[in-house]
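S.K.: Give me coordinates for this.
(chains A, B, C and D)
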2 protein chains.
Amino acid sequence: MPQIDTKTRILDAAEHLFARDGFHSTSLRAITGQAQVNLAAVNYHFGSKDALLQAVFERRLHPLNQIRQDLLEQVLHTARQQNIRPRVIDLIGSFIEPTLAFRQSESGAQDFTTLVGRALVEPDPTVRDCFIKLVTPLFLQLSAALQLALPQIPAEILQARLQFTLGAMGHTMCTLGRPPLELPGILPPLPAEKIAELLINYVSSGLEAPC
Amino acid sequence: MPQIDTKTRILDAAEHLFARDGFHSTSLRAITGQAQVNLAAVNYHFGSKDALLQAVFERRLHPLNQIRQDLLEQVLHTARQQNIRPRVIDLIGSFIEPTLAFRQSESGAQDFTTLVGRALVEPDPTVRDCFIKLVTPLFLQLSAALQLALPQIPAEILQARLQFTLGAMGHTMCTLGRPPLELPGILPPLPAEKIAELLINYVSSGLEAPC
DNA sequence: GTCTATACGATGATAGAC
DNA sequence: GTCTATCATCGTATAGAC
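M.R.: Sure thing, here's the model as predicted:
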């Protein structure tokens, strides 16, 4: 009798191996081997390898996006009440801070951020689209909120800047555990909370820059 | 008789397939098949699959880094002559603009930027280290130059911000060709030159932000 | 419902004859 | 250098035990 149920064991193993080796380089046999379950269990519980990938994304993203969305709406609500524009730093904070907190708390979350980093640069639609469609709704909300906070910035410029932000954030999250550039002349890495604070500061400044 | 020599055909095919499918998911057979050369030719010309990857990186990075370094030294030289601090926007421009120009000009450069994007998030040292060691010298020079331009920023903060910059830049370069988020509510993408200008503006602002 | 054992067809790696 | 026979491994499907 396993302590953890089969579905979870498969998800944990898949998350780890997809992050470490990439989706296409990871075989179902490697996953079921690590999870100590039968090969066919993947097909039984998830239907296919693609569906398993989607389940790996959903398990983490659904609760995380819920938190981010709640925070975002809270920021917007407060601003509306006070009849002022929301602050960029608060909007961005509602997006970045839960991500960081989540990454620190849950075991396997580090693997997950690596997987997200991979998905962001993946040209193959199997992996990329699977991730993109889960974050797009929230991303559009954030985009609209930032447009509200920065009405003087043209929409297409703001959108480009949001892409830069996504890149900075994704890269930071998925390389947080590792040494930044493993070579001499590099200072020891800062603690994750400090990095998050610096990142929010950095991207806020970039988003608000005069055109 | 081929119009292009065997080594180049292998490099072109490897660059394309490594970018599209990832290093580990690309077989030598796929490469030699696309290049229309014999399977053994890879081992003859490059020695191994790993060495081929390194050659793919070097072919693009050596000339590109040379240009970036020349530009960087030119910016530093001008500042020294005028006895003023170099401007962040010029330093960052010397790093980003040649990359963009190169990406636009050379065929296959788009594949290459995708490959770089992959290398930046790759946990496996085979791919990652191979790339990192080729960009580190220039990266350290840029880091030192920015420290000169921004003496009021503590070194460890500047270093974190440089990592954010690397993330924003890497992500931008490797997703330039694709639609940013392929869903409704998204505006048509801007031309690459405009994106580069916005990116330089964005990261400069982020780097210079008050602590 | 859950899980296991096993099989299938496809694809790719490997090594030895030519 | 090339071709080919052989073998390993892939994702998926199915039959049946608990």
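
S.K.: where does chain A have low pLDDT?
M.R.: Residue ranges of chain A with pLDDT under 70: A:1-3, A:179-187.

S.K.: Get me the contact residues on it for DNA strand C.
M.R.: Contact residues (Cβ under 7 Å from any atom of the strand) of chain A with DNA strand C: A:5, A:6, A:7, A:37, A:38, A:39, A:40, A:41, A:44, A:45. Any C-beta I mention is one placed from the backbone N, CA and C, and that applies to glycine too.

S.K.: Using ChimeraX, make a named selection holding only the buried ones among those.
M.R.: The ChimeraX selection below is limited to those of these classed as buried (16 or more other Cβ atoms under 10 Å in any protein chain shown):
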select /A:6,7,37,41,45
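
S.K.: Among the residues of chain A next to DNA strand C, which are located in helices?
M.R.: Among the residues of chain A next to DNA strand C, the ones falling in helices (DSSP state H) are A:6, A:7, A:40, A:41, A:44, A:45.

S.K.: Pretty sure the fourth one sits against residue A:6.
M.R.: Yes - counting by Cβ atoms under 8 Å, residue A:41 touches residue A:6, with 5.7 Å between them.

S.K.: where do the contact lists of the two overlap?
M.R.: Taking Cβ atoms under 8 Å, 6 or more residues apart in numbering or on different chains as the contact rule, residue A:41 and residue A:6 both touch residue A:35.

S.K.: how about the helix or strand where residue A:53 lies, does it reach DNA strand D?
M.R.: Here residue A:53, judged by DSSP states H and E, is contained in helix A:49-82. Yes - contact of helix A:49-82 with DNA strand D (Cβ under 7 Å from any atom of the strand) involves A:49, A:50.

S.K.: Show me what secondary structure element comes after that helix.
M.R.: Where DSSP H and E defines the elements, the next helix or strand beyond helix A:49-82 is helix A:88-105.

S.K.: Can you check what angle separates that next one from helix A:49-82?
M.R.: 140 degrees (axes from the mean of the first three to the mean of the last three Cα atoms, to 10 degrees).

S.K.: Tell me the buried residues in helix A:88-105?
M.R.: Result for helix A:88-105 [16+ other Cβ under 10 Å]: buried residues A:88-103.

S.K.: Closest one of these to residue A:69?
M.R.: residue A:94 (8.5 Å; Cβ to Cβ).

S.K.: excluding its backbone neighbours, what's nearest that closest one?
M.R.: residue A:71 (3.6 Å; Cβ to Cβ, 6 or more residues apart in numbering or on different chains).

S.K.: tell me the contacts of that neighbour?
M.R.: Per Cβ under 8 Å, 6+ apart, neighbours of residue A:71: A:93, A:94, A:97, A:98.

S.K.: Save these as TSV, and put in distance to DNA strand D too.
M.R.: Listed next are these as TSV, based on distance: Cβ to the nearest atom of the strand, whole Å:
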residue	distance to DNA strand D
A:93	39
A:94	37
A:97	36
A:98	32
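
S.K.: In TSV: those, plus distance to residue A:19.
M.R.: Below are these laid out as TSV (distance: Cβ to Cβ, whole Å):
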residue	distance to residue A:19
A:93	26
A:94	25
A:97	22
A:98	20
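
S.K.: which of these sit farthest apart?
M.R.: A:93 and A:98 (9.1 Å).

S.K.: related to what we said a few turns ago, show me which parts of the helix holding residue A:53 are buried, residue by residue.
M.R.: Buried-residue list, helix A:49-82, by 16+ other Cβ under 10 Å: A:49, A:52-57, A:59-61, A:64-65, A:68-69, A:71-72, A:75-76, A:79.

S.K.: Next: stretch A:165-181.
M.R.: Per 16+ other Cβ under 10 Å, stretch A:165-181 contains these buried residues: A:165-176, A:180-181.

S.K.: for stretch A:137-148, same thing?
M.R.: A:138, A:139, A:141, A:142, A:143, A:145, A:146.

S.K.: Hmm, residue A:117 is touching residue A:168, no?
M.R.: No - Residue A:117 is beyond contact range of residue A:168, at 11.7 Å (criterion: Cβ under 8 Å).

S.K.: before we move on, what SS does residue A:177 have?
M.R.: Judged by DSSP: H, G, I helix; E, B strand; the rest coil, the three-state class of residue A:177 is coil.

S.K.: quick one: it and residue A:110 touch, right?
M.R.: Yes - at 5.4 Å, residue A:177 counts as touching residue A:110 under the criterion of Cβ under 8 Å.
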